[in-house]
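Q: Below: sequence and its predicted model.
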Amino acid sequence: MVAMQPSQLATLRHTSNLRVDATLAALFDTRPAVAARLEEAMRHGLLAGGKRLRPLLVYMAGHALGAEDEALDAPAAAIELIHAYSLIHDDLPAMDDDDLRRGQPTVHKAFDEASAILAGDALQALAFEVLASTDHPRLSNLVQTLASASGRDGMVAGQALDLAAVGGHPDVDALAHMHAHKTGALIVAAVRLGGLVAVAVDDPRLSALTRYARAIGLAFQIHDDILDVTGDTVTLGKTSGADAARDKPTYPSLLGLEGAQRKAHSLIDEAIAALAPLGERAAPLADLAHYMIERDH
Ligand code: GRG
């Protein structure tokens with residue numbers, strides 16, 4: 001597969017961010033607010049920064065299988081809405097208790113805890129409203145993909161496993177299992193949503209995309225753990241965000257820094273190998289896989 005120029009990846013990211021930010025802003029700008037404080041808390045958690053990685057995966061996976069941007073806008077917005085809700089709730093005192101997110105006060109700090117809980121709840125519901133408002137022929141597959149990745153079989157289950165692991169001593173397999181749910185499930189869902197816009201649920205190219213996404217999802221998390229060790233906490237936008245500081249197991253704590261870096265690189269190789277059945281159209285996904293473990297925040 002021929003690699004893209006770095007500037008091409010930057011252009012794709014820019015276009016994807018513009019599209020998803022326009023879709024998200026329109027959700028608020030095109031209809032009057034019912035509850036002003038809730039509205040402000042939702043906007044704060046959703047619109048103030050963020051890499052918009054999951055929408056980019058929706059667009060790239062969709063493009064790799066021939067989908068058009070217009071059909072990808074709703075799934076891209078929906079996955080970012082779920083992600084934003086999860087971060088707002090993850091930052092709450094009952095969870096990770098963080099004061100800063102993306103270099104700004106977390107929603108419960110900028111507003112209050114009740115507003116943060118409600119903003120997360122409303123963003124989650126809005127995700128399904130946005131997705132369900134499309135008339136895609138595989139709409140039920142799309143909704144099911146987002147729901148199962150978000151809830152008791154996916155992200156929320158992963159968060160529960162993570163909370164249960166505090167102070168414990170899980171091994172690498174248990175850590176991978178937790179991350180596959182907590183962060184991996186939404187990354188897999190992003191790629192599958194993009195793919196499902198273009199092809200049927202039993203298309204083998206969707207299975208190839210899923211293998212790709214599982215590998216980059218874990219690599220993303222390992223790199224996040226590595227950044228907690230090597231990165232500047234201000235760059236990370238957290239106050240005391242390092243999991244290790246909270247007695248949570250991490251890849252560097254279990255494998256050592258170099259072991260964690262080796263593991264992340266081998267997962268990226270695995271992800272790129274999984275793209276083989278998709279041919280040249282998957283080149284941007286291969287480049288994004290590299291970015292996953294090269295990003296500095
Ligand atoms: C509270 C139900 C519930 C779930 C929370 C995903 C999650 C589950 C918590 C996030 C905790 C965390 C900081 C994990 C590290 C990896 C990660 C998901 C980072 C945040 O995602 P990015 O880097 O964030 O894509 P931006 O700000 O760029 O959108």
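A: Now that the structure is in, tell me what you want to look at.

Q: for the residue nearest to residue 171 when sequence neighbours are not counted, what are its contacts?
A: In space, and not counting its chain neighbours, residue 171 is closest to residue 254: 7.3 Å by CB to CB, 6 or more residues apart in numbering. For glycine as for every other residue, the C-beta is placed from the backbone atoms N, C-alpha and C. By CB atoms under 8 Å, 6 or more residues apart in numbering, the residues touching residue 254 are 171, 172, 175, 260.

Q: mind checking pLDDT for residue 254?
A: In this model, residue 254 is scored at 92, pLDDT.

Q: What segments of the chain are helices?
A: Under the criterion DSSP state H, helices of the chain are mapped to 6-29, 36-47, 53-64, 69-90, 107-110, 113-132, 139-150, 155-165, 172-179, 185-198, 204-230, 233-236, 251-274, 283-292.

Q: least reliable of those going by mean pLDDT?
A: helix 233-236 (a mean of 39).

Q: and of the contacts of residue 254, the nearest to the ligand?
A: Distance to the ligand, by CB to the nearest ligand atom, is smallest for residue 175 among the contacts of residue 254, at 12.7 Å.

Q: What parts of the stretch 1-150 of the chain come near the ligand?
A: 50, 51, 53, 83, 86, 87, 89, 90, 95, 102 (CB under 6 Å from any ligand atom).

Q: Scan those residues and report the most crowded one.
A: Using other CB atoms under 10 Å as the neighbour criterion, residue 83 leads these with 25 neighbours.

Q: what's the spacing between it and residue 63?
A: 20 Å (CB to CB, to the nearest Å).

Q: Does residue 216 touch residue 288 like I think?
A: Yes. Counting by CB atoms under 8 Å, residue 216 touches residue 288, with 7.5 Å between them.

Q: Now for the closest residue to residue 105 other than its chain neighbours, how many residues are close by?
A: In this structure, residue 105 finds its nearest non-sequential neighbour in residue 99, 6.6 Å apart by CB to CB, 6+ apart. Other residues near residue 99 come to 15 when the count uses other CB under 10 Å.

Q: Can you pull the phi/psi pair for residue 99?
A: Note on residue 99: backbone dihedrals following degrees, to the nearest 10 are phi -90, psi -30.
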